[in-house]
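Asks: The sequence and its predicted three-dimensional model are supplied below.
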Amino acid sequence: MVGLIQKLLMDLIEESAGAEASAEVKRRADVPADRVFRMDEFYDDEEWRRLFAATCEVLNITPEQAEEAFADFFFKDSQRRWPMWFKMSKNAREFLIRQPAIHNGFATGVRDAEARQAITDKFEVKENGQDLVVHYRSPNKLCGLYMKLAERTINLYGDNATVHEKRCSKNGDAECEIHVQWA
Ligand code: HEM
């Protein structure tokens, strides 16, 4: 996973619980204490899962609460850091169709072909009439985060749409299938 996500998770922990908490999360996740995550570098997906689990332990929150807090933090940061992506889309539908391409853009800087593919394999968005069907396959199982970010995107543009998951890898399905339906 590209380090933007780990960097923002560590920033969130530090802002909300202080430097000691972020050091403890690194310790429990077996990440070197002096590691500074770079947003243009690739890190192991398994290490991310350890970081996320350690965050829940240290902050004493559920994975669902961690996803909620991270979605807020990440979405605000994305609007500040990448305003062009938001300006380019005139509504949430356009943005959500573009989302896999935004993500895959981060893979182009990754030298290792397998690592590159691990990023580009994660998302596929198909149009179904006016609705969207998102196919998400990732060992990180962050479909909850996807849905929270999709809802924030819908609210940002003022679209009238709902998000629900039809199939989920956490229930043994081969992938998560998320539907975004416009009224
Ligand atoms: C300008 C806006 C955004 C940027 C720059 C961005 C960038 C990224 C990057 C670099 C990653 C790591 C990808 C990897 O290495 O595998 C990521 C992960 C993720 N993003 Fe975004 N993202 C944006 C918006 C969104 C939105 C709107 C959604 C959902 C609707 C979303 C859903 C996710 C999810 C679920 C992951 C975790 C993927 C996984 O590892 O399983 N992102 N994002």
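Replies: Looks like it came in fine. Numbering: from 1, shown residues only.

Asks: ok, and does stretch 59-72 reach over to the ligand?
Replies: No. Legend: contact between stretch 59-72 and the ligand by C-beta under 6 Å from any ligand atom is lacking; minimum distance shown is 8.6 Å. C-betas here are computed from N, CA, C, even on glycine.

Asks: And the average pLDDT for that stretch is what?
Replies: The average pLDDT for stretch 59-72 rounds to 98.

Asks: Pull out the buried residues from it.
Replies: Leu59, Ala66, Glu67, Ala69, Phe70, Ala71 (16 or more other C-beta atoms under 10 Å).

Asks: And those, which is closest to Ala113?
Replies: Taking C-beta to C-beta as the measure, Ala113 lies nearest Phe70 of the buried residues of stretch 59-72, at 28.9 Å.

Asks: tell me the contacts of the closest one?
Replies: Counting by C-beta atoms under 8 Å, 6 or more residues apart in numbering, Phe70 makes contact with Leu8, Leu9, Leu12, Leu145.

Asks: before we move on, the earlier item: helices - which of the buried residues of stretch 59-72 land there?
Replies: Per DSSP state H, helices hold the following members of these: Leu59, Ala66, Glu67, Ala69, Phe70, Ala71.

Asks: For the residues you listed, give me TSV that also has distance to Ala23.
Replies: Putting these into TSV (distance: C-beta to C-beta, whole Å) gives the following:
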residue	distance to Ala23
Leu59	13
Ala66	18
Glu67	23
Ala69	19
Phe70	19
Ala71	24
